[in-house]
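S.K.: Below are the sequence and a predicted model for it; my questions follow.
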Amino acid sequence: MKISYAKTEEAVGKVLSHDVTRIVRGKCKGPAFKKGHIIRKEDIPLLLDIGKEHICFLELDEDETHEDEAGLALASYASGEGLAMEGPSEGRVDLVATCSGLLKVNVESLFAVNQLSDVVMASLHTNNPVKKGDRVAGTRIIPLAVKKDTLEQVRTICSERGSLIRVLEYQILKMGALITGREVYEGRIEDDFAPVLKEKARVYGLPEPLIDYAPDDAGCIASKIKMLLDNDCDLIVVTGGMSVDPDDVTPAGIRLSGAEIEKYGAPVLPGAMFLLAYQGRIPVVGVPACGMFFKTTIFDLVLPRLLAGERIERSDIAALGHGGFCRRCESCLYPDCSFGKGGF
């Protein structure tokens with residue numbers, strides 16, 4: 001890369017080596033064209049008006065790529081499904097979610113890219129729930145031009161390890177909810193769990209849950225779970241009765257239904273008494289009472305992954321311990337906080 005000069009009229013396609021300042025008395029003083037800008041035919045009149053009869057420009061070597069072109073290449077290599085590119089601007093290209101869903105980042109690939117010279121990429125945490133239109137990642141070229149070999153290394157990293165960044169669109173699942181507890185079943189107290197589950201379903205664009213009730217009886221709980229499955233529910237949520245008191249028989253009821261327990265107990269606060277099981281491909285989730293009292297719990301960490309079609313395993317739950325401590329902020333900011341960001 002070297003700096004050369006040319007008459008303005010002959011500078012179309014050249015890359016500016018520095019900002020070109022425009023001054024209009026009483027109105028503006030600042031760059032009309034920024035360093036790295038590729039001069040277009042329509043730029044020539046303004047450049048001449050500014051007084052630029054000659055242009056100082058960059059000449060790229062054959063093995064170099066301009067920052068804007070390089071930024072687009074880097075972003076295209078890294079991005080997978082559910083993403084669009086925004087930019088470039090001074091070598092930066094942002095990746096924007098084209099749907100609401102679960103952000104997936106190949107952290108090892110991201111690390112490998114950022115080990116290279118002259119290119120950087122930053123993202124939100126993997127497994128972050130995002131909305132359509134959210135900016136989820138950004139790429140940037142450090143110099144005005146980058147070696148083509150560097151871009152080829154990025155392409156290789158992304159092609160060998162799969163998409164570096166993608167957004168898995170949420171599936172529209174039919175949620176079945178079984179609310180346990182004799183006091184609720186007999187109408188002694190008002191059910192506060194159903195409104196919570198209905199609101200979570202609404203947030204994720206799901207139909208209103210099919211809700212049923214059961215006393216603290218393992219056999220009845222098992223029977224009710226089977227009824228929800230027979231009603232074509234794709235996700236079963238069983239609430240309450242998840243502790244170790246004699247009346248807390250929900251885990252036993254889930255086992256009795258034939259569901260295979262993946263993990264009972266989770267390193268997340270709030271949400272330690274959480275249970276995850278599967279009836280074939282259908283998740284059966286045991287949500288402790290904290291899910292009714294706290295705005296954000298382990299259920300909010302797991303639900304987006306289930307809606308994205310992922311099968312969560314025991315090791316995924318165990319990994320939640322790093323970042324699984326909720327600060328219980330006075331005003332909940334989730335998912336724009338540290339909760340659940342260090343684990344799976």
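M.R.: Here it is on my side, so go on. Numbers count the residues shown, from 1 in each chain.

S.K.: And the residue most central in space within the chain, its phi and psi?
M.R.: Residue closest to the mean C-alpha point of the chain, counted by C-alpha atoms, centre = their mean, is residue 103 at 2.5 Å. Backbone torsions for residue 103, taken as degrees, to the nearest 10, come to phi -80, psi 130.

S.K.: With residue 164 instead?
M.R.: phi -70, psi -40.

S.K.: circling back to that earlier point, my read is that the residue nearest to the centre of the chain contacts residue 97, right?
M.R.: Yes - assessed by C-beta atoms under 8 Å, residue 103 is found in contact with residue 97 at 7.5 Å. For every residue, glycine as well, the C-beta is placed using N, CA and C.

S.K.: which residues are in contact with both of the two?
M.R.: 130, 136, 167 (C-beta atoms under 8 Å, 6 or more residues apart in numbering).

S.K.: with those in mind, which one is nearest to residue 182?
M.R.: residue 130 (40.5 Å; C-beta to C-beta).

S.K.: Quick one: residues contacting that closest one.
M.R.: Counted by C-beta under 8 Å, 6+ apart, residue 130 has contacts 97, 100, 101, 102, 103, 124, 136, 167.

S.K.: how close does the first one sit to residue 335?
M.R.: This points to residue 97. As for residue 97, its distance to residue 335 is 13 Å (criterion: C-beta to C-beta, to the nearest Å).

S.K.: any idea which helix or strand comes after the one helix or strand in the chain whose mean pLDDT sits lowest?
M.R.: None of the helices or strands of the chain scores lower by mean pLDDT, DSSP states H and E than strand 2-7, at a mean of 73. Following strand 2-7 in sequence order, the next helix or strand is strand 15-16 (DSSP states H and E).

S.K.: And the contacts of that next one?
M.R.: Strand 15-16 is contacted from outside by 33-39, 55-58, 60, 66, 144-145, using C-beta under 8 Å, 6+ apart.

S.K.: By neighbours, which of those wins?
M.R.: residue 55 (24 neighbours; other C-beta atoms under 10 Å).

S.K.: you'd agree that one is up against residue 14?
M.R.: Yes - using C-beta under 8 Å, residue 55 makes contact with residue 14 at a distance of 6.3 Å.

S.K.: Determine the residues that are contacts of both of those two.
M.R.: With C-beta under 8 Å, 6+ apart as the test, residue 55 and residue 14 both reach 6, 39.

S.K.: where along the stretch 151-300 of the chain do the helices fall?
M.R.: Secondary structure of the stretch 151-300 of the chain (DSSP state H, counting those that start in this stretch): helices at 182-185, 193-203, 218-230, 250-256, 290-293, 298-307.

S.K.: who does the last one touch, helix- and strand-wise?
M.R.: So the one you mean is helix 298-307. strand 101-105, helix 193-203, strand 235-239, strand 282-287 (3 or more C-beta pairs under 8 Å, 6 or more residues apart in numbering; DSSP states H and E).

S.K.: Domain map for this structure?
M.R.: Per the record, the chain has its domains at 2-59, 64-168, 175-321, by automatic domain parsing.

S.K.: Just put those domains in JSON lines and tack on distance to residue 327.
M.R.: As requested, these are exported to JSON lines (distance: least, C-beta to C-beta, whole Å):
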{"stretch": "domain 2-59", "distance to residue 327": "41"}
{"stretch": "domain 64-168", "distance to residue 327": "16"}
{"stretch": "domain 175-321", "distance to residue 327": "10"}
